[in-house]
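Participant: Need the 3D shape of this:
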Amino acid sequence: CEAVQNNKAAKLALLDIKQNCLGPIGAKSVAAMLVVTTSLTELDIQGNKIGNTGAEAIADALKMHNSCALKKLTVPEGIEKHAALKAACQLREVKLI
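Facilitator: Predicted structure coming up:
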């Protein structure tokens, strides 16, 4: 995520980091990447333990990123019910799975 975050010109369309022992801190890095990435259309973070803190960070990133290209976000089981994340995905028209 740092490499993508630091290289704003990256043209990454799909990022699959499912089951990578990603926790709340890792989710914050994903959120920081989302803020600067304009080409990412699909993100899969299922099977990680991002918790409410990570879900909140991703929700905040989606809300603040006006040029977000993300169309599909696959999250760990139960996180799809996180109210702020659901609202952010609805705002940006991101399919939350």
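Participant: Show me the helices in the chain, by range?
Facilitator: 2-6, 24-36, 51-64, 83-92 (DSSP state H).
Participant: Does anything pack onto the second one? Which helices or strands?
Facilitator: Looking back up the chat, that one is helix 24-36. Counting contacts by 3 or more CB pairs under 8 Å, 6 or more residues apart in numbering; DSSP states H and E, the secondary-structure elements packed against helix 24-36 are helix 2-6, helix 51-64. Glycine gets a C-beta too; all of them are placed from N, C-alpha and C.
Participant: now the end-to-end length of stretch 38-49.
Facilitator: With CA to CA, to the nearest Å applied, stretch 38-49 spans 25 Å between its terminal residues.
Participant: Please state the offset of stretch 70-79 from the chain centre?
Facilitator: How far stretch 70-79 lies from its chain's middle: 8 Å, per CA atoms, centre = their mean, to the nearest Å.
Participant: Alright, I will stop here.
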